[in-house]
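Undergrad: Need the 3D shape of this:
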Amino acid sequence: MDLFAVVAVVSVVLLLIVAVASLFMQQSGQLRDIQAQLSKMNDHDSIVADPSQLRMERAAMIDPLVLFEVELVQSNLNDLSPEQLAQIDAARSGVKSLTERLKASGGWLGPPFDLEWVEHLDRMPRLKSIYMKAGFSPEPPTSADN
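TA: Numbers count the residues shown, from 1 in each chain. Sure, this is the predicted structure:
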């Protein structure tokens with residue numbers, strides 16, 4: 001009977017060791033999965049900017065043009081200086097870049113919250129007409145090669 005008790009105790013201890021080891025391995029795997037997901041989320045957050053931050057940057061680019069539109073209307077100007085053209089071109093490329101980043105991040109809401117460059121330019125008719133008269137179009141020309 002002593003031999004049977006020793007074998008039973010040893011087998012119960014071995015069974016407990018195997019159970020604890022399997023639970024430890026399972027929890028370690030789950031923790032590794034959670035860490036991998038968290039690191040992927042942190043990498044994704046650093047790449048994709050906050051949509052509200054992108055909208056504020058876009059507003060900072062558009063606001064000077066709106067003020068310039070008011071100045072054009074008040075002073076009845078009909079032509080732009082090279083510096084003003086450069087400012088408009090810089091705003092155009094910046095707004096287009098931010099629009100693409102917003103669309104890529106999934107934060108694009110569309111009109112009336114998010115507008116393309118052409119739609120912003122349509123809201124400044126005097127600036128648009130003078131800008132186009134200066135030989136610049138709001139969109140690059142499309143080729144007829146199909």
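
Undergrad: Give me the neighbour count for Leu80.
TA: Residues lying near Leu80 (other C-beta atoms under 10 Å) number 19. Yep, even glycine has a C-beta here, placed from its N, CA and C like the rest.

Undergrad: Is it in a helix, a strand, or coil?
TA: coil (DSSP: H, G, I helix; E, B strand; the rest coil).

Undergrad: mind listing what it touches?
TA: Residues near Leu80 by C-beta atoms under 8 Å, 6 or more residues apart in numbering: Ile88, Ile130, Tyr131, Ala134.

Undergrad: Please, which helix or strand holds the closest residue to Asn78 other than its chain neighbours?
TA: Among residues not flanking Asn78 along the chain, Ile130 sits closest, at 6.4 Å (C-beta to C-beta, 6 or more residues apart in numbering). Of the helices and strands defined by DSSP states H and E, Ile130 is found in helix 125-133.

Undergrad: Show me what that helix is in contact with.
TA: Residues outside helix 125-133 that contact it (C-beta under 8 Å, 6+ apart): 65, 68-69, 72-73, 77-80, 85, 88, 121-122, 138.

Undergrad: In these, find the pair that's most separated.
TA: Maximum pairwise distance in these, criterion C-beta to C-beta, is 20.6 Å, between Asp79 and Asp122.

Undergrad: Neighbour count: these two, which is higher?
TA: Asp122 (12 against 9).

Undergrad: If you drop the residues flanking it in sequence, what lies closest to the more buried one?
TA: Closest residue to Asp122 apart from its sequence neighbours, by C-beta to C-beta, 6+ apart: Lys128 at 6.7 Å.

Undergrad: Tally up the residues packed near that neighbour, please.
TA: Around Lys128 there are 18 residues (other C-beta under 10 Å).

Undergrad: Thank you, goodbye.
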